[in-house]
Structure formats: C-alpha cells, structure tokens
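Asker: Quick one: sequence and predicted model below, then my questions.
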Amino acid sequence: MKHVVSAKNIMLGATGLAVLSALSGCQSHQEEQKPEGANKFLVVEQQTSGKYVIIEEMPTTGPSRAIIRETDQNGTVRERVLTEAEMKTLADQEYKKMQEGKSELNAEPHGEGMGLAGTILAAAGGALLGNMIGNALMNNKNVQRHQDVSNRSAYHQSAGAGGASSTANSGKKSFFGNKSASSTSSSSSYGG
C-alpha cells in the first residue's frame, strides 16, 4: 500500500498542531490568572489589642466569606459570618478612606494586626472590588507590609514566599514537549 503525502495534508496537520498549541497556551494562561482574582474564604481573629489578623485563608469557588472570631469582655469567643456583600461594604469603605489618606493602610504597620475593614481589604480587595483595585493594592508597598504582618495563614505565607519561583518552576509542557515560558507582559494572540 502506497501512502501519499501531499502539501495539503501537511498544511492541514501543521495548522491543526498550531491551533492546539495556541489553545493550550490560552488555557494555561487562564489557569494562572484565576487564583489571583479567586474568591476568598477567611478566618479572622481579634487580638487582645482589638486588632484583627487572618489565621486562615483559602481560595473558594463559592462567594467570598469570612468567619470573624471575637472575644468579649468575659473571655467568651464568639464567631460570626460575614457574607460577601458585608465584606464588600467594609472593603469599599476602607478603600475610600485609603484614597483620602485616612486609612491605616496608608502608613507603615505599627504592631501586629489592623482594623477589621483594613484586614478584609488587604486580604481580599481584588476579589471583592475588582482586579483594578486589587492591582493597585498589590503595587502599594504599605499594603503589602500590612498583609505580611496581619496574615498568619499558611496560604498567604506560601503564596508570598514562592509566588515568583513557583510560577517559574511550574512551566507547562506544550504539545511539542518543550516547556512554555511564562511572561508578565501580555500579548494578544489567537484570543488568548
């Protein structure tokens, strides 16, 4: 049996491979972007100073929410749940104060923890108020310092310590077997 290879067959095969490679590139780019804007589940604990720290943080596929642990004057620990709408209201109020220069997020951290609204904004501002505000918060050195001081969760510690290195080391193999390089610049190719 004779196999006939024509330029048309080669062209169709090469085009198919290029499309598959482009689509897998778009998919991996979307997977990398999703965790940053993912909704958050937080457990926030009030300290004896009255300030709040995050003791647990994790991304969630459901709506953002937080459990707030507060100790009353009798030493009784009470937990309450903040819904996404309540968290968004607190974060929005704190962001407006931040823009006016009246938020503790504008200054250097003084001790561990901060107010509840500042804690919520620092931890989940992008998920609650959108990526533009999240990016503005991430580029603010004081906000980053407050996050580091107020967030004790293992998720935050691992995301902060290995953010750049984990992205570099987790290169995905493309269809052709080589590792795809990740880049911080964006380009528009094939809708990805």
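Answerer: Perfect, thanks for sending it.
Asker: give me the number of residues near residue 126?
Answerer: By the measure other Cβ atoms under 10 Å, the count of residues near residue 126 is 21. For glycine as for every other residue, the C-beta is placed from the backbone atoms N, C-alpha and C.
Asker: Any stretches of the chain with poor pLDDT?
Answerer: Applying pLDDT under 70 to the chain flags the ranges 1-37, 153, 157, 159-192.
Asker: Strands along that one, start to end?
Answerer: In the chain, the strands defined using DSSP state E lie at 39-46, 52-60, 65-71, 77-82.
Asker: Just the buried residues of the second one, please?
Answerer: By that I understand strand 52-60. With burial defined by 16 or more other Cβ atoms under 10 Å, the residues of strand 52-60 counted as buried are 52-54, 56-57, 59.
Asker: rewinding a little: out of the strands of the chain, which gets nearest to residue 103?
Answerer: Smallest distance to residue 103 across the strands of the chain (Cβ to Cβ): 14.2 Å, for strand 52-60.
Asker: Out of the buried residues of strand 52-60, which comes closest to residue 115?
Answerer: Proximity of these to residue 115 (Cβ to Cβ) peaks at residue 52, which lies at 6.8 Å.
Asker: would CSV of the strands of the chain with distance to residue 97 be doable?
Answerer: As requested, these are arranged in CSV below (distance: least, Cβ to Cβ, whole Å):
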stretch, distance to residue 97
strand 39-46, 18
strand 52-60, 16
strand 65-71, 19
strand 77-82, 18
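Asker: Highest mean neighbour count out of these?
Answerer: strand 39-46 (a mean of 20; mean count of other Cβ atoms under 10 Å).
Asker: in its sheet, what does it sit against?
Answerer: Strands flanking strand 39-46 in the sheet, each with its direction: strand 52-60 (antiparallel), strand 65-71 (parallel) (DSSP bridges).
Asker: okay if I get those as TSV plus distance to residue 44?
Answerer: Output for the strands paired with strand 39-46, formatted as TSV (distance: least, Cβ to Cβ, whole Å):
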stretch	distance to residue 44
strand 52-60	5
strand 65-71	5
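Asker: what's the closest of these to residue 147?
Answerer: Set against residue 147 and scored by Cβ to Cβ, the strands paired with strand 39-46 come closest in strand 52-60, at 8.7 Å.
Asker: List of residues touching the closest one?
Answerer: Contacts of strand 52-60 with the rest of the structure, by Cβ atoms under 8 Å, 6 or more residues apart in numbering, involve 35, 38-47, 68-69, 112-116, 119, 123, 150-153, 155-156.
Asker: Keeping just the C-alphas, turn that strand into CSV.
Answerer: Only the C-alpha atoms of strand 52-60 are listed here, as CSV (Å, rounded to 0.1, in the frame of the first residue of the first chain):
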residue,chain,number,x,y,z
TYR,A,52,-7.6,41.7,63.7
VAL,A,53,-5.3,39.1,62.0
ILE,A,54,-6.1,36.4,59.4
ILE,A,55,-5.4,32.9,60.7
GLU,A,56,-6.8,31.0,57.7
GLU,A,57,-7.2,32.0,54.1
MET,A,58,-8.0,29.9,51.1
PRO,A,59,-9.4,30.4,47.6
THR,A,60,-13.0,29.3,47.1
